[in-house]
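Undergrad: one predicted model, sequence on top.
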Amino acid sequence: MIFKRGSGAAGDGFARILANTGWLLGGKGVGAVLSLAYLAIVTRTLGVEDFGRFALVLSAANVIKALTSFDSWQIVVRYGQPHLAQGNGDALNRVLRFCIVIDLASALVGGAVAAAIILLFGNMLELEPGAGLQAWLFCMVMMITIRSSPTGVLRLFDRFDSAAFAETMIPVGRMVGAVVAWVVMPDITGFLIAWAFAELVCAIAYWWLAIRVGGDRIGSWRAGRALDARHENPGIIGFLTATNLQTSLGSIGQQVAVLIVGAFVGPTGAGLYRLANQLANSLTKISSLLSRSIFVELSRTSTHGKEALGALFRRTNKLALAAGAVIIGLILTIGHPLLGLIAGKEFLPAYPLLLMLGVAACIDLIGVSYRPLLMATDRASLSLRITFVSTLLLLGLQSALLPLYDTKGAAMANILSSLASFAMMGLASRRAMRS
């Protein structure tokens, strides 16, 4: 009887993962098509060198955001579920407000860090005279449009359809902004304004939908203090710290890579690397989408016992393996013509980078269920340590291989660090299932 309940929980959870990932993929499908169009506009308008400078500013902003922001949606989902099940909307609201306070504080810190980086390292970004203020303003927009808290509300209520709609505002906003910039201000400043506009539109959409979906179920916004959530939810600070550091390390590993490439080979190399990395990530976007859906369902299924959790974990692994194989095939067959179609012949030297970065991303995709399992089974600190080691390995390998093999060395470093992370996460996950 226990086995049947566990199997039913696993089956229901897997069905919800597929449904929720389907909603996210629908939104990302629109985004993928639009991203090809606005990437074509940006690359063909700016050229390799200016696109490299544009990419360095974006990467610097993303590094700062990754360093200072928190993945608070996971906190809303993890600690909001018990309050939601008990009908305690006020306690849920305090968790939500606690996350908002954290997000606002991180935005202020991020603004200060951005100013310091631009003042101290502006020359490394090769910004034009007077462009430092523009870069800082762009970073500030990135910080104040943090939308992790409303994302958590939508996922808590299984409204992945609403989240998918809100997420499409990024590519739609960039597409509209890119066209306007191409006509009115076809330079780095114009495209930075376009990207900032997209971030604002997306944040507004997320908050509007979260408040509409949550309604009375998220309680009163005046019920107690936000900081009371620390005492009402034991372990929330440790979970917050672990998720923040883990997300920051993962993002930094990718974004700092572009900065390291720029430091070694200049804006042109950074532009080629950024374009290849963005296209590879577009083809493997399913990895991050699956991870979000899997974490929510594993957190729920963990209450049904090890049998149900193990069954769901194995089914998600098979799904990820099949998706990874399909995407590798796509990169091999359409990668080169797609690159030439989007960016033009001058960007074709990025194809070997696209191939290698695509392989690295697919390795991450195949192991996509490992980290959510560790998080759902209270092993966030172990997952953090593995992420820390793999990020250090990535940056160390890049620093060692870049002088020898230029951008190809940086891409190869991604493959090696992804393999190491896959092995460590896989071993930790199997131990978690046995204990």
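TA: Ah, there it is.

Undergrad: which other residues reach stretch 67-79?
TA: Stretch 67-79 is contacted by residues 95-96, 98-100, 102-103, 106-107, 109-110, 113, 143, 146, 148-149, 151-153, 155-156, 229, 233, 236, 239-240, 243-244, 246-248, 252, 295-296, 299, 375 when judged by CB atoms under 8 Å, 6 or more residues apart in numbering. All C-beta spots, glycine's among them, are computed from the backbone N, C-alpha and C.

Undergrad: among the residues you listed, name the ones in helices.
TA: Cross-referencing these against helices under DSSP state H gives 95-96, 98-100, 102-103, 106-107, 109-110, 113, 143, 148-149, 151-153, 155-156, 229, 236, 239-240, 243-244, 246-248, 252, 295-296, 299, 375.

Undergrad: got the contact list for M424?
TA: Residues in contact with M424 (CB under 8 Å, 6+ apart) are 386, 389-390.

Undergrad: now, those residues that are in helices?
TA: Using DSSP H, the subset of the contacts of M424 located in helices is 386, 389-390.

Undergrad: list phi and psi for M185.
TA: Dihedral angles of M185 (phi, psi; degrees, to the nearest 10) stand at phi -140, psi 80.

Undergrad: renumber starting at 47 from here on
TA: All set: I'll call the first residue 47, so the last point we hit is now M231.

Undergrad: so how far is G98 from it?
TA: As judged by CB to CB, to the nearest Å, M231 and G98 stand 19 Å apart.

Undergrad: how about R417?
TA: Remark: distance between R417 and G98 (CB to CB) = 32 Å.

Undergrad: wait, what's in contact with D274?
TA: R140.

Undergrad: returning to what we had before: which of the ones in helices among the contacts of M470 sits closest to G317?
TA: Closest to G317 out of the ones in helices among the contacts of M470 is S436 (25.9 Å), distances taken as CB to CB.

Undergrad: per-residue pLDDT, I374?
TA: I374 carries a pLDDT value of 81.

Undergrad: my read: it touches A407, true?
TA: No. With contacts defined as CB atoms under 8 Å, I374 does not count as touching A407, sitting 9.7 Å away.

Undergrad: settle it for me: which of those two has more neighbours?
TA: For the pair I374 and A407, the greater number of neighbours falls to A407 (26 against 20), based on other CB atoms under 10 Å.

Undergrad: pLDDT (mean, whole number) over whatever helix or strand that one lives in?
TA: Following DSSP states H and E, the helix or strand that holds A407 is helix 397-412. Averaged across helix 397-412, pLDDT comes to 85.

Undergrad: over to stretch 209-224?
TA: The average of the pLDDT scores along stretch 209-224 is 88.

Undergrad: in the stretch 97-246 of the chain, which spans are helices?
TA: For the stretch 97-246 of the chain, the helices defined by DSSP state H, counting those that start in this stretch occupy 118-131, 135-167, 177-190, 194-202, 206-213, 215-230, 234-260.

Undergrad: for L462, find the nearest of these.
TA: helix 135-167 (27.3 Å).

Undergrad: state the mean pLDDT of the closest one.
TA: So the average pLDDT for helix 135-167 ends up being 85.

Undergrad: show me what that helix is packed up against.
TA: helix 48-114, helix 118-131, helix 177-190, helix 194-202, helix 275-278, helix 282-329 (3 or more CB pairs under 8 Å, 6 or more residues apart in numbering; DSSP states H and E).

Undergrad: any idea how far A181 lies from V225?
TA: 23 Å.

Undergrad: and the pLDDT at L325?
TA: Looking at L325, its pLDDT is 73.

Undergrad: how near is it to W254?
TA: Applying CB to CB, the value for L325 to W254 is 32 Å.

Undergrad: tell me which of the two has more neighbours.
TA: Of the pair L325 and W254, L325 is the one with more neighbours under other CB under 10 Å, namely 26 against 13.

Undergrad: who's in contact with the more buried one?
TA: 85, 381, 384-385, 388, 400, 404.

Undergrad: rewinding a little: buried subset of the ones in helices among the contacts of stretch 113-125, written for PyMOL?
TA: Selection of buried members from the ones in helices among the contacts of stretch 113-125 for PyMOL, criterion 16 or more other CB atoms under 10 Å:
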select buried, resi 141+142+144+145+146+148+149+152+153+156+159+189+194+195+197+198+199+201+202+275+282+285+286+289+290+292+293+294+298+341+342+345+421
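
Undergrad: what ranges of the stretch 247-396 of the chain fall below the confidence cut-off?
TA: Residues of the stretch 247-396 of the chain meeting the criterion pLDDT under 70: 293-305, 327-352, 354-355.

Undergrad: burial of the residue lying closest to T423 once chain neighbours are set aside, as a residue count?
TA: Of all residues not flanking T423 in the chain, A478 sits nearest, at 5.1 Å (CB to CB, 6 or more residues apart in numbering). For A478, the neighbour count with other CB under 10 Å is 20.

Undergrad: next: G375.
TA: As a burial measure, G375 scores 10 neighbours (other CB under 10 Å).
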